[in-house]
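In: got a sequence here, can you model it:
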Amino acid sequence: MVDTALEHNAFTEELIRQLRAADQFGNWSKMSDEELLRAKYVKTKEDLKKIPIIADIDEMLIGEIKMIYKAIALQFERKTGVMCNVVMEMSHEGFGRCIVIAGRIVLVDKYFKDAHRFGYRTLEKLYEDGQTHLDKALGTYQQYKPCISR
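Out: Numbers count the residues shown, from 1 in each chain. Sure, this is the predicted structure:
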């Protein structure tokens, strides 16, 4: 069963495309899109209790977090035709920053603290957060687009 929010959310569609493309061995091919997103990005209170407060972040999780911002950047490119860059800096302790840049305009700027505990409580929160970032990025670009041509 497909969630209606999933059907109408450009961010979520792109994130699923990115996850499926990264699955080079077909490990997730039997999972539905919703199951895949839930496995990668949803953490319940019980899940968070199992994760220590202080721990190092692994490279796989850093890649999964960055994939969210790559999905935002790719949807932005599809909608505007303007290329974006995603830059992510993360310490081994889980402190860092991710930015999405188009030209000289910073579209998304997100700071992380304790990124090893990164996740959303529900799929709806994931859908909402990603689409909100995408909508704000489009708005920011429209607002500052005249600055690029100078």
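
In: quick check on the nearest residue to Tyr111 once chain neighbours are set aside: phi, psi?
Out: Spatially, and ignoring its direct neighbours in sequence, Tyr111 is nearest to Arg97 (5.3 Å; C-beta to C-beta, 6 or more residues apart in numbering). All C-beta spots, glycine's among them, are computed from the backbone N, C-alpha and C. Here is the backbone geometry of Arg97 (degrees, to the nearest 10): phi -150, psi 150.

In: read off the pLDDT value for Arg97.
Out: Listed pLDDT for Arg97 reads 97.

In: one more: Glu59?
Out: pLDDT, read off for Glu59, is 92.

In: and it, how far from Lys40?
Out: In this view, Glu59 and Lys40 are 15 Å apart by C-beta to C-beta, to the nearest Å.

In: looking at these two, which is more packed in?
Out: A direct count of neighbours by other C-beta atoms under 10 Å for Glu59 and Lys40 places Lys40 higher, at 18 against 9.

In: hmm, back to that, neighbours around the residue nearest to Tyr111, how many?
Out: Neighbours of Arg97 (other C-beta under 10 Å): 12.

In: which residue ranges form the strands in this structure?
Out: 85-90, 96-102, 105-112 (DSSP state E).

In: buried residues in the last one?
Out: By that I understand strand 105-112. Ile105, Leu107, Val108, Lys110, Phe112 (16 or more other C-beta atoms under 10 Å).

In: same thing with the shortest one?
Out: Judged by neighbour count (16+ other C-beta under 10 Å), strand 85-90 contains these buried residues: Val86, Met88, Met90.

In: which residue is the nearest non-sequential neighbour of the last one?
Out: When you say that, I think you mean Met90. Per C-beta to C-beta, 6+ apart, closest to Met90 is Gly96, 3.4 Å.
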